[in-house]
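Novice: Return a 3D structure for these sequence lines:
(chains A, B, C and D)
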2 protein chains.
Amino acid sequence: MSSPSPRGATIEDVARQAGVSRAAVSKVLRNAYGVSPDMRERVTAAMSALDYRPRIAARAMRGRTDTIGIEVPDLGNQFFTRIVGGATSALAGTPYQVVIAPAEQGPQQGLRAIEALIDRQVDGVIAVSPRIAPSVIERISQHTPVVVLGRHDVGASYDSIAGDDVAGADAVMAHLLELGHRRIAHLTLHDADLDAAAPHAIRLRRYKSAMAEAREVADVLPTEEGQDAAYETVRVALARLDPPTAIFAAHDELAIGALRAVVEAGARVAVVGYDDVPIAGHPALGLTTVRQPGRDMGARAAGLLRERGEGRTEPVHELFVGQLIVRSSTTADHVRPTS
Amino acid sequence: MSSPSPRGATIEDVARQAGVSRAAVSKVLRNAYGVSPDMRERVTAAMSALDYRPRIAARAMRGRTDTIGIEVPDLGNQFFTRIVGGATSALAGTPYQVVIAPAEQGPQQGLRAIEALIDRQVDGVIAVSPRIAPSVIERISQHTPVVVLGRHDVGASYDSIAGDDVAGADAVMAHLLELGHRRIAHLTLHDADLDAAAPHAIRLRRYKSAMAEAREVADVLPTEEGQDAAYETVRVALARLDPPTAIFAAHDELAIGALRAVVEAGARVAVVGYDDVPIAGHPALGLTTVRQPGRDMGARAAGLLRERGEGRTEPVHELFVGQLIVRSSTTADHVRPTS
DNA sequence: GTGAAAGCGCTAACAA
DNA sequence: TTGTTAGCGCTTTCAC
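Specialist: Numbering: from 1, shown residues only, chains lettered A, B, ... in the order given. Below is the predicted model of the structure:
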């Protein structure tokens, strides 16, 4: 028997096979009210006989796609993939399927990816560190639940989750100052201060105020995304007349690049990162960093989306505390300031 | 003026605003033949005035989604994310949007993710190392172009891309034997031999034959996915009476875990990985490994999908050669066998 | 060059 | 409890 349709059986085929109406099949499919056990059985039998799979697109036209979209800025950064893992695990076993749309680099980062998800009518969006104006998110969240992860803005119609970057950055600076460092540099993205609600902007601000409080002059090292750029930036900084004795990197990727420059230069410079990506704990690196509970954050984001689906309308804004993990990159003897 | 529809303007709204028919708008949208410049202008004006975005779901019902789906087994593995990056870059600037469906671990790995993509009627699927029978892929590729990446099977109706695992594994073994190692262990997934066409199965086979040729007894260390499992497995192996002097790990993730065990035990054991993930080149690790051109492979996969879309029907099967990158994890004096 | 109209597969309101 | 039916927004013949 040839397949009823080029792309497999439709609800119509199942109905015919089971000798019932399309509506009946639909009800079984959705576990809707008013289906006799007998009918349910015949329908399920027909479905498996025909290897029936509902077309999500057709369903989408009536309002649901059973799909949650996650916009991710950089799949190379393990902190982000950990967030994705948390969200995916939280949604496992539910009818929802997670799809990831990678953001392109550049201005308005994440906008295209988010719009692509919206165009595909996902039931909810998790936007990880999008570089777009809150007003845009506000507009989108009028019709589709959105959880913003990373940024600290409080939306009126969307939820947000962020790490406690104030506490995290303060802990880093306290640690370095306590170790006796004074010439502490901050390695961050060149446009970190552009968006005040972004995590990096907050870390930068706390760095600056900690330095001011310590009566030291701030030493910001602007760089590009990625280990290689960080490496290059730090290599140059170490060659200066007054190189820093410690570097607070805005995230682990940058810190790892910095560490490479430090190791290569044989310099006595402490390095601290942020996020605690898996490799940071490797004894060969031993990177001191702030652990962010990425999996928990991703899972919570998924949970917030589901709550929205169940009717919640008041926005939620949650902060997840991090934890300073001290490792050899700041405590080993060779990275203690001598002075 | 209130939005014409809760979810934004439809093609109907645009047509009304421009004073033309829906068909006309559709033609402009698709750059179809038979549109006067005047009409085109009025339509585009109406589209931007209304902030019109076509619903992909509606388009899907007529056969196209402008979406390419990638099934990925493990986002924590940077080799896979590199493949995704290559595919995404290759598709940038085209009408296609890439979405990623993460595979759940376990038997039939990747099946659910691929089916989820098919249910969403993606225009093409890139399946990265799926652990499913070729017959299943054969069936799916009857209606949707599929490129399998990693596995070495040659499909009749789908394309495949793989690394040259034979040459890669042989290069690793030649390198280690040349350094004088005899007790070489192979750290691989416990079920590597289950699927003969999988890359790990091939690496395992080449390891075994190289050992046989060297008249040494094979020492396979089966482990689970992830650095931690690899660490634990190697830790145990190093405590044996006759620990290996070298470990060939089936991929870098495992190698990095192995390296941790080696470093911690202060053992004189050479470690080789496979893939050359970004961190492998970090001087703190200095992992000898086989570089696989992940970005190129991903980009080529995307290209093959496009060729299919343009009508090609004969299957393509391509091998990408890797390159042994020798670093300190095998050459530093302390990891040379003493005997 | 332009428009009318059929139909893709599904859901949900309503009727029986 | 079950079935009929009206769309959802788009593409694509086929007339005009």
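
Novice: List the contacts of the residue nearest to A:R22 when sequence neighbours are not counted.
Specialist: In space, and not counting its chain neighbours, A:R22 is closest to A:A15: 4.7 Å by Cβ to Cβ, 6 or more residues apart in numbering or on different chains. In short, each C-beta sits where N, CA and C put it, glycine included. Residues in contact with A:A15, defined by Cβ atoms under 8 Å, 6 or more residues apart in numbering or on different chains, are A:21-22, A:24-25, A:46.

Novice: and the residues you listed, which are buried?
Specialist: Those of the contacts of A:A15 that meet the buried threshold are A:24-25, A:46, by 16 or more other Cβ atoms under 10 Å in any protein chain shown.

Novice: DNA strand C versus the closest residue to A:L117 other than its chain neighbours, what's the distance?
Specialist: Counting by Cβ to Cβ, 6+ apart, A:G69 is the residue found nearest to A:L117 once chain neighbours are left out, at 3.4 Å. Distance, A:G69 to DNA strand C, using Cβ to the nearest atom of the strand, to the nearest Å: 19 Å.

Novice: is A:G69 in a bridge, and if so with what?
Specialist: Beta bridges link A:G69 to A:V99, A:V125 when assigned by DSSP bridges.

Novice: That one against A:A103, yeah?
Specialist: No. A:G69 lies out of contact with A:A103 (Cβ atoms under 8 Å); the separation is 11.8 Å.

Novice: helix or strand for A:V147, which one?
Specialist: strand A:146-149 (DSSP states H and E).

Novice: Dihedrals phi and psi, A:A127?
Specialist: phi -110, psi 110 (degrees, to the nearest 10).

Novice: now the residue of the stretch 51-200 of chain A found nearest DNA strand D: how far from DNA strand C?
Specialist: Residue of the stretch 51-200 of chain A nearest DNA strand D, by Cβ to the nearest atom of the strand: A:M61 (3.1 Å). Distance, A:M61 to DNA strand C, using Cβ to the nearest atom of the strand: 4 Å.

Novice: so which helix or strand takes in the residue nearest to A:T245 when sequence neighbours are not counted?
Specialist: Residue nearest to A:T245 in three dimensions, not counting chain neighbours: A:P337, with 4.3 Å by Cβ to Cβ, 6+ apart. Using DSSP H and E, A:P337 sits in no helix or strand.

Novice: So A:P337 sits against A:P244, correct?
Specialist: No. Look at A:P337 against A:P244 with Cβ under 8 Å: they stay out of range, at 9.8 Å.

Novice: who's more crowded, those two?
Specialist: A:P244 (24 against 17; other Cβ atoms under 10 Å in any protein chain shown).

Novice: Need the three-state assignment for the more buried one.
Specialist: The three-state label given to A:P244 by DSSP: H, G, I helix; E, B strand; the rest coil is coil.

Novice: give me every residue that touches it.
Specialist: Going by Cβ under 8 Å, 6+ apart, A:P244 touches A:183-185, A:219, A:237, A:269.

Novice: separation between it and DNA strand C?
Specialist: 60 Å.

Novice: Check A:V271 too.
Specialist: 53 Å.

Novice: repeat for A:E224
Specialist: Taking Cβ to the nearest atom of the strand, one finds A:E224 at 46 Å from DNA strand C.

Novice: Pull the number of nearby residues for that residue.
Specialist: Using other Cβ under 10 Å, A:E224 has 14 neighbouring residues.

Novice: now A:D333
Specialist: A:D333 has 7 nearby residues by other Cβ under 10 Å.

Novice: cool, A:D164 as well?
Specialist: 18.

Novice: Verify the contact between it and A:L319 for me.
Specialist: Yes. Between A:D164 and A:L319 a contact is recorded at 4.8 Å, counting by Cβ under 8 Å.

Novice: quick one: low-confidence parts of the stretch 151-300 of chain A?
Specialist: Counting by pLDDT under 70, the stretch 151-300 of chain A contains no low-confidence residues.

Novice: one step back: check the residue of the stretch 51-200 of chain A closest to DNA strand D and give its pLDDT.
Specialist: Per-residue confidence (pLDDT) for A:M61: 95.

Novice: List the residues that contact the residue nearest to it when sequence neighbours are not counted.
Specialist: The shortest distance from A:M61 to any non-neighbouring residue, by Cβ to Cβ, 6+ apart, is to B:A57 (5.5 Å). Residues near B:A57 by Cβ under 8 Å, 6+ apart: A:56-58, A:60-61, A:65, A:120-121.

Novice: just to revisit the earlier point, so is the helix or strand containing the residue nearest to A:R22 next to DNA strand D?
Specialist: Element membership for A:A15, per DSSP H and E: helix A:11-18. No. Figure legend: helix A:11-18 not in contact with DNA strand D (Cβ under 7 Å from any atom of the strand); closest approach 7.7 Å.

Novice: buried residues in that helix?
Specialist: Judged by neighbour count using 16+ other Cβ under 10 Å, the buried positions of helix A:11-18 are A:11, A:13-18.

Novice: How about stretch A:22-39, which residues are buried there?
Specialist: By neighbour count with 16+ other Cβ under 10 Å, stretch A:22-39 contains the buried residues A:24-29, A:35, A:39.

Novice: Help me see whether it makes contact with DNA strand D, please.
Specialist: Yes. Stretch A:22-39 lies within reach of DNA strand D by Cβ under 7 Å from any atom of the strand, at A:22-24, A:27, A:33-36, A:38-39.

Novice: thinking again about what came up before, list just the nearest of the buried ones among the contacts of A:A15 to A:A201.
Specialist: A:V25 (52.9 Å; Cβ to Cβ).
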